[in-house]
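Asker: Show me the folded form of this:
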Amino acid sequence: MSGTDATVYKGYKGAALAKLKEVGIRVWSDVILETDQGRFEGIILPRSETADHDHIVIKLKNGYNIGVRATKVQSAREIDYKEAVYKIPESEFPRDDHKPNVTLLGTGGTIASRLDYRTGAVIPAFTPGELYGAVPELADICNLKTDKLFGVFSENMGPDQWIGTAEAIGHEIRNGADGIVVGHGTDTMHHTSAVLSFMVQNSPVPIVMVGSQRSSDRPSSDAALNLRHAVYAAAHSDIAETMICMFGPTSDQYGLLHPGTRVRKMHSSYRSTFRTIGDIPIAQVTTDSLKHLTSDYRKRRKDTNVQIDAVFDPRVTIVYYYPNMQPDIIDALIENGYKGIVIAGTGLGHVNKPLYPALKRAQNAGVAVYMTVQTLWGFVQMYVYETGREMLELGVVPCANMLPETAYVKLGWALAHSADPEEVQRIMLTPINREITEREPYNGYLVYQGGLPEVEAFVRSIKR
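Answerer: Numbering: from 1, shown residues only. Model (predicted):
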């Protein structure tokens, strides 16, 4: 492809490129495509270099993108054309000495953006001026400062990024921030919220993690509203904990503040994907109000004292037990130098007997092995059945009702403090920020099964 082609037909190759040339349209053209499946009107979007070569991507007038197979296009008419400009016009973020000061830390992804409906481009926003252009309502809530720490997808977040984020939070709090917001991809947000709950202790201000399930170029995007909810919570709530703020119901009614160690992503695409497990959320939040759901939370203070304990031993893993698991799985971890294993066991915390010799070898090698339950809700109870009692003798330590992902990050944090098994166990089983609770509340486990008459009646009675 020539330099001109690369500019005009960004990312297109093969049949799709040939069709664009044949009908005389370019990327960013506002077009009408006539196909053997009907008429489509919208903006031709660029293609990823790794995408197939058979489809032309068009952003429809309703904001959604579709792929049209090149061989289906019968004719095309270009209505207009304008090159995309990947920049949001900046305006100075208004400052008001009477408003609280919030720092937004970015770790990657698009925290907020604006869709250029003329070109179809999704323009990322991050600086205060850009955010003011994209979400001007933020200026009604606080004075905003931003700092882009990293630019990675959430699956690439790890110990280096966790430590860097914790240290940045400590720096901002000591410099007088009234609240912290951390922009993060949703896929591993609950891992980061858990580890920050251990690395950042005794915070005097709210630390609120936020992301979006649907990008800003979609009409159903939750990005801007999640950001407004999170910034309001950071600026005005009295809850001085690490939390995740995302949609409560699937509608735009309110967001929920979930405790950082008891939250999990539970659906791949729902906007209301995050749920508090084994407890209830701390609060409901809107763009201008907050309603506490519990009184059991750490309160905001006026000082700037915060304890940053940002360490992590990466030689830890989670093993999700399944029937017929073989001992070589555990043996391979021992041989490769792992120092900690979290098992997500069945039922009350069980694995099969063939694993016992490998667990004994792990104990002899000084590997810390901790048990959680893959049911997520409920406690490990290893004294009830013979299997559990036998594993206790092999050195497996029950983690009460700690979530597997929370146990994983806490074990890495604990092993960074000590190699002594007794000290690691003391750290692991000493609650720091809700990761272990005395009991689950009566309403801490609610799973509604669709199809049942009483559940269907309830679902119809609430807004979707």
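Asker: Helices of this structure, start to end?
Answerer: 3-8, 14-23, 128-134, 159-174, 189-199, 223-236, 328-335, 356-364, 386-393, 404-415, 421-429, 453-461 (DSSP state H).
Asker: burial count for the nearest residue to N65 once chain neighbours are set aside?
Answerer: Closest residue to N65 apart from its sequence neighbours, by CB to CB, 6 or more residues apart in numbering: K59 at 5.2 Å. Yep, even glycine has a C-beta here, placed from its N, CA and C like the rest. Other residues lying near K59 total 21 when counted by other CB atoms under 10 Å.
Asker: Show me what K59 is bridged to.
Answerer: Residues in a beta bridge with K59, per DSSP bridges, are I43, N65.
Asker: Now do K353 against E405, distance only.
Answerer: 27 Å (CB to CB, to the nearest Å).
Asker: more crowded one of the two?
Answerer: E405 (23 against 10).
Asker: The more buried one reaches V316, doesn't it?
Answerer: No - counting by CB atoms under 8 Å, E405 does not reach V316; the two are 11.5 Å apart.
Asker: For M382, report the pLDDT, please.
Answerer: We have a pLDDT of 95 for M382.
Asker: tell me the contacts of it?
Answerer: L348, G349, M371, G388, R389, M391, L392, V396, P398 (CB atoms under 8 Å, 6 or more residues apart in numbering).
Asker: Selecting buried members of the residues you listed in ChimeraX, what would you type?
Answerer: Filtering the contacts of M382 down to the buried ones (16 or more other CB atoms under 10 Å) takes a single ChimeraX command:
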select :348,349,371,388,391,396,398
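Asker: Looking at the contacts of M382, spot the one nearest D303.
Answerer: P398 (37.2 Å; CB to CB).
Asker: leaving aside the residues next to it on the chain, what's closest to that closest one?
Answerer: Using CB to CB, 6+ apart, the nearest residue to P398 is V380, at 3.9 Å.
Asker: looking at the helices of the chain, which is closest to V205?
Answerer: helix 159-174 (6.0 Å).
Asker: Quick check: mean pLDDT of that closest one?
Answerer: Rounded mean pLDDT across helix 159-174 is 98.
Asker: Can I get it in PDB? Just the C-alpha atoms.
Answerer: Coordinates of the C-alpha atoms in helix 159-174 are reproduced here as PDB (Å, rounded to 0.1, in the frame of the first residue of the first chain):
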ATOM      1  CA  PRO A 159       2.800  -5.400  41.000                       C
ATOM      2  CA  ASP A 160       4.800  -2.500  39.500                       C
ATOM      3  CA  GLN A 161       1.700  -0.600  38.600                       C
ATOM      4  CA  TRP A 162       0.000  -1.400  42.000                       C
ATOM      5  CA  ILE A 163       3.000  -0.100  43.900                       C
ATOM      6  CA  GLY A 164       3.300   3.000  41.700                       C
ATOM      7  CA  THR A 165      -0.400   3.800  42.200                       C
ATOM      8  CA  ALA A 166      -0.200   3.300  46.000                       C
ATOM      9  CA  GLU A 167       2.800   5.700  46.200                       C
ATOM     10  CA  ALA A 168       1.000   8.300  44.000                       C
ATOM     11  CA  ILE A 169      -2.100   8.100  46.200                       C
ATOM     12  CA  GLY A 170       0.100   8.700  49.300                       C
ATOM     13  CA  HIS A 171       1.800  11.700  47.600                       C
ATOM     14  CA  GLU A 172      -1.500  13.300  46.700                       C
ATOM     15  CA  ILE A 173      -3.100  12.800  50.100                       C
ATOM     16  CA  ARG A 174       0.000  14.300  51.900                       C
END
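Asker: Before I go, just wanted to say thanks for your time.
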